[in-house]
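Student: Predicted coordinates and the sequence they were generated for:
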Amino acid sequence: MTTTVQDIEPFTEGVFEDMPIGEYHKCAALSNSGISDILKSPLHYRKKVWTDSKAKRIGSAVHVLALEPEKAETLLPRCPVASRRSKADREAYATWEATLHRDAIRLADDEREQAEAMASALRSSGHIQRIGLLDPSRAKFETSMFCVVKTDEGPCWVRCRPDSWLPIKTDDYDGGLIFDIKTTREDATREGFSRAVGNYGYHVQAALYVHVMRTLGYNVMDDGMLFPVVESAHPYGVGIFALDDQAIEQGHRDFMRAATIWAKCYRTGEWPGYEEKVQTVSLKPWLIDAEVAS
């Protein structure tokens, strides 16, 4: 099933700890995934279509198994039918399918095994255990947050859903940490994550999450967003990363640029694509002969 922005419900504001993921995605407020689309063009954002893929299914399953394993039976149901070749099997499958939760993730056996191994690697990480990232007595999981951001073009509704939010209160500090689990087909090294930041805009996500939570009255450390990254292949290595001040500052500029575009488009009702004019393109410096470039 596919969904477009045009199908989505009106806006809301506030903090919701028990909002189903499907309801969260129905809100048209600007999210992290929407920022990269709208920076490409408002048309790409407006006409975005969400599609299913193996990587998305496994990533979603890892989140359930790592953060809320008690929901696995409901959200990660095991199909009782090995094949659908016979009429009886097809009928059994149809009966099972009719009972599925609306947010259920359908996994093949090998996909489930992979997701379970990745989630186990996260839960077994000594550093994650010390921080308390996956400790339900300390952390809050999958909290949906919505607020309004003021821009030069008017208000922009934004949303975020931290995988885990860990309040920290001591005699010297009252704040907290935000966590967002990432899965990778490459590697969870510092260099690998650095590449992923540029490819997927994690610095923008960090700026968005910190901005939303502070707007809603939460105290968050300046470098308070951490990214636990787990590899999708054996031995399922885990790395944990934070972004420096320069990355967060750039992320905030990109976030506010996207929010300003969204606010203008929402106000005018116009969601344009690329510029409709001839654009001149220059070669990148490394494509030009050295003697000419000098």
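Tutor: Sure, I can see it.
Student: Next one: residue 132 from residue 139, what distance?
Tutor: 6 Å (C-beta to C-beta, to the nearest Å). All C-beta spots, glycine's among them, are computed from the backbone N, C-alpha and C.
Student: which residues do those two both contact?
Tutor: Shared contacts of residue 132 and residue 139, defined by C-beta atoms under 8 Å, 6 or more residues apart in numbering, are found at residue 166.
Student: Quick check: nearest residue in space to residue 167, chain neighbours excluded?
Tutor: residue 176 (4.5 Å; C-beta to C-beta, 6 or more residues apart in numbering).
Student: what's the burial count for residue 111?
Tutor: 17 (other C-beta atoms under 10 Å).
Student: do the same with residue 159
Tutor: Residues near residue 159, counting by other C-beta under 10 Å, number 22.
Student: Identify each buried residue in the one helix or strand it maps to, please.
Tutor: Using DSSP states H and E, residue 159 falls within strand 154-160. Under the neighbour-count criterion of 16 or more other C-beta atoms under 10 Å, strand 154-160 has 156-160 buried.
Student: how about the helices in the stretch 51-200 of the chain?
Tutor: Remark: helices assigned in the stretch 51-200 of the chain by DSSP state H, counting those that start in this stretch are 54-67, 72-75, 87-98, 109-124, 126-131, 190-200.
Student: Check which element follows the lowest-mean-pLDDT helix or strand in the chain along the chain.
Tutor: Lowest mean confidence among the helices and strands of the chain (mean pLDDT, DSSP states H and E): strand 3-4, at a mean of 40. Moving toward the C-terminus from strand 3-4, the next helix or strand (DSSP H and E) is strand 14-16.
Student: what's that next one packed up against?
Tutor: For strand 14-16, the packing partners by 3 or more C-beta pairs under 8 Å, 6 or more residues apart in numbering; DSSP states H and E come out as strand 144-151.
Student: quick one, the strand holding residue 159 and strand 144-151 angle?
Tutor: Between strand 154-160 and strand 144-151, the angle comes out at 150 degrees (axes from the mean of the first three to the mean of the last three C-alpha atoms, to 10 degrees).
Student: Residues touching strand 154-160, excluding its own?
Tutor: By C-beta under 8 Å, 6+ apart, strand 154-160 touches 11, 13, 24, 27-32, 144-150, 208-209, 211-213, 259-260, 262-264, 266-267.
Student: Now that strand: average pLDDT?
Tutor: In this model, strand 154-160 has a mean pLDDT of 95.
Student: do stretch 227-238 as well
Tutor: Here stretch 227-238 scores 96 as its mean pLDDT.
Student: Could you point out which residue ranges in the stretch 101-250 of the chain have low pLDDT?
Tutor: Residue ranges of the stretch 101-250 of the chain with pLDDT under 70: 169-175.
Student: starting at the chain centroid, how far to the strand holding residue 159?
Tutor: 16 Å (C-alpha atoms, centre = their mean, to the nearest Å).
Student: Residue 218 is nearest to which of the helices of the stretch 51-200 of the chain?
Tutor: Nearest to residue 218 among those is helix 126-131; the distance by C-beta to C-beta comes to 17.5 Å.
Student: Packing partners of that closest one?
Tutor: Counting by 3+ C-beta pairs under 8 Å, 6+ apart, helix 126-131 packs on strand 238-242.
Student: outside of the strand it packs on, which residues touch it?
Tutor: Residues contacting strand 238-242 (C-beta under 8 Å, 6+ apart): 121-122, 125, 127-128, 188-190, 192-193, 223, 225-231.
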